[in-house]
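Visitor: output the structure for:
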Amino acid sequence: MTKRRVLFLCNANSARSLMGEALLRHLADDRFEAFSAGSEPDEPHALTLEALRKHGLPTEGLRSKSLDEFESETFDFVIVLCDKAQQACRDWQGEAGEVLSWDIRDPRLIGKSDAYEQALLEIRRRLQLWLPLHTSD
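Guide: Here you go, the predicted model:
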């Protein structure tokens, strides 16, 4: 069975999209290949990595990547996690079977200590609802 390819996209690729990548690998690595990128990539935020580790998710190999790294690649799904990245997704030269918009608040802008964990839990909830709909038996 061919794994379906999923790209998580947000502005900085320092929190939400990295969380999506790590979560999908954890929840369905046997069925999906997960990637993440940012329209204006920054370094992975320390609180992102801390939230992932707290929930038992591996962080090895996670790095911020530019959307340009995936130019001309094909994905079954592109999941855009912020409104800011919507335009970058429209301008992107890659190919996406389906583009989904999940506007998750940027934990960097919330200013609460648990904002990163809340973002992680919200992405997990959405993936847990989405996965059964896109997994063939």
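Visitor: what's the nearest residue to Glu95 once chain neighbours are set aside in contact with, if anything?
Guide: In space, and not counting its chain neighbours, Glu95 is closest to Thr74: 4.3 Å by C-beta to C-beta, 6 or more residues apart in numbering. Placement of C-beta: from N, CA and C, glycine included. Neighbouring residues of Thr74 by C-beta atoms under 8 Å, 6 or more residues apart in numbering: Arg5, Gly94, Glu95, Ala96, Gly97.
Visitor: give me that answer again for 7 Å
Guide: Shown in contact with Thr74 (C-beta atoms under 7 Å, 6 or more residues apart in numbering): Arg5, Gly94, Glu95.
Visitor: would you turn those into CSV with pLDDT?
Guide: Formatted as CSV, the contacts of Thr74 follow (pLDDT from 0 to 100):
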residue, pLDDT
Arg5, 96
Gly94, 74
Glu95, 80
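Visitor: distance of Thr74 from Glu98?
Guide: 12 Å (C-beta to C-beta, to the nearest Å).
Visitor: joint contacts of those two?
Guide: By C-beta under 7 Å, 6+ apart, Thr74 and Glu98 have no common neighbours.
Visitor: which residue ranges form the strands in this protein?
Guide: Ranges of strands within the chain are 4-10, 32-38, 74-80, 95-101, based on DSSP state E.
Visitor: can you tell me which of those has the worst average pLDDT?
Guide: Mean pLDDT across the strands of the chain is lowest at strand 95-101; the value there is a mean of 86.
Visitor: which strands and helices sit next to it?
Guide: Identification of packing neighbours for strand 95-101 by 3 or more C-beta pairs under 7 Å, 6 or more residues apart in numbering; DSSP states H and E yields strand 74-80.
Visitor: note down every partner strand of the strand it packs on and its orientation.
Guide: Counting by DSSP bridges, the strands paired with strand 74-80 are strand 4-10 (parallel), strand 95-101 (parallel).
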